[in-house]
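Chemist: Turn this into a structure:
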Amino acid sequence: MNSAQAKKIPLQDILARLGLQPVKSFKGGQELAYLSPFRHEKGASLFVNIRKNVWYDFGDIGGNVLDFVIRYRNTDVKGALEFLDQMFGRGFVPPSAPVKTQKVNELPKEEIFLLDRVTDFGANIHSLATYITGERRINPEIAGRYLKEIHFTNRENGKTYFAVGFENLSNGYEIRNPFFKSSLGAKDMSFVNGSGAGGELMVFEGFMDFLSKLTHDDVQTFPADALILNSISYTEKAIQFIREKGYQKTFGFFDNDKAGGEATEKFKAEFGNSFSDMRTEYQAFKDLNEFLISK
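Modeler: This next block holds a predicted model:
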């Protein structure tokens with residue numbers, strides 16, 4: 001599809017396919033409020049105007065359909081169009097007018113997604129293994145060691161979904177598939193013990209960065225412990241965690257974007273010479289996974 005066609009796709013349809021459902025509605029259902037997919041939050045801050053088919057995130061930016069996909073996928077217009085073609089099919093014809101929606105009541109996020117079962121990575125859904133090891137280039141043995149196959153139900157529409165899951169410190173899961181990025185259960189940081197003495201810590205924004213670094217280094221585990229934020233909004237929480245644990249050396253593997261830069265500066269200010277900014281290893285790329293794929 002082209003850009004004009006993409007902008008006609010109802011935003012609520014895209015959000016639904018990403019596993020996101022509105023928690024509130026206004027103006028007779030013509031405006032919908034969502035928990036933002038760009039951060040962990042308890043109150044909705046992303047709003048969609050059905051009639052205009054635009055969105056605005058009070059903690060971020062806003063715009064049309066393409067603006068949302070570009071922001072969500074960290075890509076450009078071409079990448080956004082390719083993503084929408086995969087999501088809806090190349091023969092998809094967007095509706096000529098916005099689709100009306102019914103009013104919805106507020107539901108806590110943790111009640112929307114219901115966990116059905118957890119199995120070993122690649123046990124049932126071959127497409128998930130292809131996505132992680134083929135598209136994302138993660139070593140299959142590493143993926144099998146750290147990931148699970150998560151099956152869950154969206155209580156709002158009764159549909160079942162599947163995704164890879166990476167467990168966090170609150171026994172919840174960070175979940176992802178080619179069209180979906182969210183969390184199941186309580187959201188939190190993740191922690192992986194290293195094989196060393198425990199005096200050093202590697203900090204990653206997301207679990208895909210963690211798996212990419214393991215794959216790139218061709219190791220099953222690091223000598224240093226690893227802390228995976230799972231959301232850049234946990235920067236302050238991560239700093240407090242490091243203070244309490246008393247790590248002697250910290251290595252930061254943040255994204256090469258504005259948010260990653262801000263987090264890096266906070267770590268530098270807090271830990272001084274005991275913190276190392278490792279982004280120079282992949283400075284020409286957005287993140288570690290993009291760097292890995294380029295190899």
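
Chemist: Look up the pLDDT of the residue nearest to residue 133 when sequence neighbours are not counted for me, please.
Modeler: Excluding the flanking residues, the one nearest residue 133 by Cβ to Cβ, 6 or more residues apart in numbering is residue 140, at 4.9 Å. Every residue, glycine included, has its C-beta placed from N, CA and C. The confidence metric pLDDT takes the value 96 at residue 140.

Chemist: Give the burial count for residue 148, as a bare number.
Modeler: 18 (other Cβ atoms under 10 Å).

Chemist: mind listing the helices for the stretch 51-200 of the chain?
Modeler: 65-73, 77-88, 109-112, 126-129, 140-146 (DSSP state H, counting those that start in this stretch).

Chemist: Are there helices or strands packed against the longest helix seen in the chain, and which ones?
Modeler: The longest helix of the chain (DSSP state H) is helix 258-271. Packing partners of helix 258-271 (3 or more Cβ pairs under 8 Å, 6 or more residues apart in numbering; DSSP states H and E): helix 235-245, strand 249-253, strand 275-277.

Chemist: Now render those as JSON lines, adding mean neighbour count.
Modeler: Listed next are the helices and strands packed on helix 258-271 as JSON lines, based on neighbours: other Cβ atoms under 10 Å:
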{"stretch": "helix 235-245", "mean neighbour count": "15"}
{"stretch": "strand 249-253", "mean neighbour count": "20"}
{"stretch": "strand 275-277", "mean neighbour count": "18"}
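
Chemist: Dump the ones you listed to TSV, plus mean pLDDT and distance to residue 89.
Modeler: Listed next are those as TSV, based on pLDDT from 0 to 100; distance: least, Cβ to Cβ, whole Å:
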stretch	mean pLDDT	distance to residue 89
helix 235-245	94	39
strand 249-253	98	36
strand 275-277	97	42
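
Chemist: Looking at those, which is nearest to residue 202?
Modeler: The closest of the helices and strands packed on helix 258-271 to residue 202 is strand 249-253. By Cβ to Cβ, the value is 4.8 Å.

Chemist: now the angle from the closest one to helix 258-271?
Modeler: Computed by axes from the mean of the first three to the mean of the last three Cα atoms, to 10 degrees, the angle separating strand 249-253 from helix 258-271 equals 170 degrees.

Chemist: Strand 249-253 pairs with which strands, parallel or anti?
Modeler: Pairing partners of strand 249-253, with direction, according to DSSP bridges: strand 200-204 (parallel), strand 275-277 (parallel).

Chemist: Make CSV from the ones you listed and add distance to residue 78 to it.
Modeler: Below are the strands paired with strand 249-253 laid out as CSV (distance: least, Cβ to Cβ, whole Å):
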stretch, distance to residue 78
strand 200-204, 28
strand 275-277, 30
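
Chemist: wait, what's in contact with the residue nearest to residue 249 when sequence neighbours are not counted?
Modeler: Distances taken as Cβ to Cβ, 6+ apart put residue 200 closest to residue 249, at 4.5 Å, once the chain neighbours are dropped. Residue 200 sits next to 194, 223-225, 247-251 when contact means Cβ atoms under 8 Å, 6 or more residues apart in numbering.

Chemist: domains in the chain, as residue ranges please.
Modeler: 3-88, 109-184, 190-294 (automatic domain parsing).

Chemist: so how far does the longest one reach from one end to the other?
Modeler: Length of domain 190-294, first residue to last, Cα to Cα, to the nearest Å: 26 Å.

Chemist: That's all I had, so thanks and see you.
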